[in-house]
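Q: Following is a predicted model, sequence given first.
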Amino acid sequence: MWTDLQSLTVQRDGITLFARQGGPSDSGLPPLLLLHGHPQTMAMWHRVAPVLAQTRRVVLMDLRGYGDSDRPPAGEGSAAYAKREMALDAVALMQSLGHERFAVLAHDRGARVAHRLALDHPGAVTRLMLLDIAPTLAMYEGTTEAFARGYWHWFFLIQPAPRPERFIEADPLAYLREGMGRSGDFFQPAAWAEYERCIQRPGSAAAVCADYRAGAGIDLTHDRADRDAGRRITQPLRVLWGANGVVGRCFEPLKLWQDAAEHVTGRAVDSGHYIAEEAPEVVLAEAAEFFKPD
C-alpha cells in the first residue's frame with residue numbers, strides 16, 4: 001500500500017508516534033500533513049497520499065491512540081487525549097522532519113486536531129482543508145435527536161469507564177463494523193485489514209474512549225475559552241462535507257465554520273462520511289486547487 005512512502009517514528013514526552021513520508025522535498029510547496037479519523041489509521045489516505053506525493057512532500061501520522069502510535073494512559077479528565085496534546089504531537093513530528101511551516105489535510109477526529117493545531121500554532125499552519133466535520137462545540141451545542149441517533153458513538157464512548165471499554169473489548173471487530181457502517185465497496189481490503197488489526201491492539205478501546213471523553217470535556221473547555229476570547233482560525237480554510245452524511249444532514253457546516261474562521265470556502269460532496277475513500281478524485285481536485293502556491 002505504501003511502497004513509495006518511508007516509515008518512521010518520533011518520540012514526544014515518552015510517547016512513540018508512527019508516521020510515513022514521501023514525495024519531493026524540493027517542490028517549492030509547503031509540506032502537507034495528513035491526519036486520519038476514528039476508528040481508522042493513516043491507511044484511509046491510500047487513494048489520496050500517493051497521488052499528492054507525486055508533486056509535494058507528504059507526511060502521514062497515526063494519532064496517539066490509533067494505528068501504530070502509542071496508547072498512553074488517559075490521565076485525569078482524559079487530558080492526555082486533548083486535541084491540544086494531539087496538536088503538539090503533530091508539531092513535534094513536523095519539526096523533527098525540519099518542517100516549521102506546513103499545510104494540513106484532515107478528516108474526522110484528525111480534523112478536530114487540525115482545528116486546534118491552527119488555533120494554537122498559527123505560525124506553523126499555512127492553510128488547512130477539513131473533511132466532514134463542523135466545529136466540535138457547535139455540534140454538541142446543536143445536538144438534536146437525529147444527530148444523537150446518527151452519531152450514537154459520540155454519546156456511547158463518553159460513558160464512564162469501563163462501561164464502553166468492556167463492550168468494545170468483547171468484540172472489537174463488531175465495534176469497527178458497527179461504528180463505520182461497512183456497507184460500501186469503497187473500503188479497500190488492505191485498508192480494512194489495517195483498521196481491523198489496529199482496533200485489536202491492546203489499549204485501543206481505552207484510547208478511543210479517552211479521545212471522545214476529551215472531546216466532550218477538556219476540548220470543549222478550550223473551545224469555549226477561544227470563543228470567549230474571540231480567537232478564530234486566521235489561515236485559509238476549505239471545508240468539504242458529505243451530502244449523504246450525518247454532518248451534512250444535521251448541520252450547516254459552512255455557516256458554522258464561518259463563525260469559527262475568517263477565510264472559509266467549502267461545499268458538499270456527493271459522498272458519505274468517508275470522503276477520501278468514497279470520492280478520492282474530489283479530494284485530489286480540491287487539494288490541487290486549494291494547496292497551490294499563493
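A: Structure received. The model shown is predicted, which means the values in this text are computed figures rather than measured ones.
Q: could I have the strand or helix carrying Leu33 exported to CSV, CA atoms only?
A: Assigned by DSSP states H and E, Leu33 belongs to strand 32-35. The C-alpha trace of strand 32-35 is given here as CSV (Å, rounded to 0.1, in the frame of the first residue of the first chain):
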residue,chain,number,x,y,z
LEU,A,32,1.3,18.6,3.6
LEU,A,33,0.4,16.8,6.8
LEU,A,34,-2.5,14.3,6.6
LEU,A,35,-4.4,13.3,9.7
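Q: That one pairs with which strands, and in what direction?
A: According to DSSP bridges, strand 32-35 forms sheet pairs with strand 58-61 (parallel), strand 102-107 (parallel).
Q: next helix or strand past the shortest one?
A: Right, the one you point to is strand 58-61. Next in sequence after strand 58-61, counting helices and strands by DSSP H and E, comes helix 83-96.
Q: Pull out the buried positions in that next one.
A: Judged by neighbour count (16 or more other Cβ atoms under 10 Å), helix 83-96 contains these buried residues: 83-94. No exception for glycine: its C-beta is placed from N, CA and C like everyone else's.
Q: Return the closest of those residues with respect to Ser69.
A: Among the buried residues of helix 83-96, Asp89 lies closest to Ser69 (Cβ to Cβ), at 8.1 Å.
Q: Then Thr265 would be within a strand, right?
A: Yes: according to DSSP: H, G, I helix; E, B strand; the rest coil, Thr265 belongs to a strand.
Q: would you turn the strands paired with strand 32-35 into JSON lines with distance to Glu289, mean neighbour count and mean pLDDT?
A: Below are those laid out as JSON lines (distance: least, Cβ to Cβ, whole Å; neighbours: other Cβ atoms under 10 Å; pLDDT from 0 to 100):
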{"stretch": "strand 58-61", "distance to Glu289": "17", "mean neighbour count": "27", "mean pLDDT": "98"}
{"stretch": "strand 102-107", "distance to Glu289": "13", "mean neighbour count": "26", "mean pLDDT": "98"}
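Q: Kindly reformat the ones you listed as a markdown table containing distance to Leu128.
A: Shown next, in a markdown table, are these (distance: least, Cβ to Cβ, whole Å):
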| stretch | distance to Leu128 |
| --- | --- |
| strand 58-61 | 14 |
| strand 102-107 | 4 |
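Q: show me the contacts for the most centrally placed residue in the chain.
A: Taking Cα atoms, centre = their mean, the centroid of the chain lies closest to Gly110, which sits 1.3 Å from it. Under the criterion of Cβ atoms under 8 Å, 6 or more residues apart in numbering, the neighbours of Gly110 are 34-37, 63.
Q: what's the answer for Ala287, then?
A: Taking Cβ under 8 Å, 6+ apart, we find Ala287 in contact with 32, 48, 52, 105, 129.
Q: ok, the helix or strand that contains Thr9: who's next to it in the sheet?
A: Counting by DSSP H and E, the element that carries Thr9 is strand 6-12. Counting by DSSP bridges, the strands paired with strand 6-12 are strand 15-22 (antiparallel).
Q: Identify the bridge partners of Leu60.
A: Counting by DSSP bridges, Leu60 is bridged to Arg20, Leu34.
Q: hang on, isn't it packed against Ala43?
A: No: the pair Leu60 / Ala43 is not scored as a contact, 9.0 Å apart, by Cβ atoms under 8 Å.
Q: Which neighbours do the two have in common?
A: Listed as contacting both Leu60 and Ala43 by Cβ under 8 Å, 6+ apart are His36.
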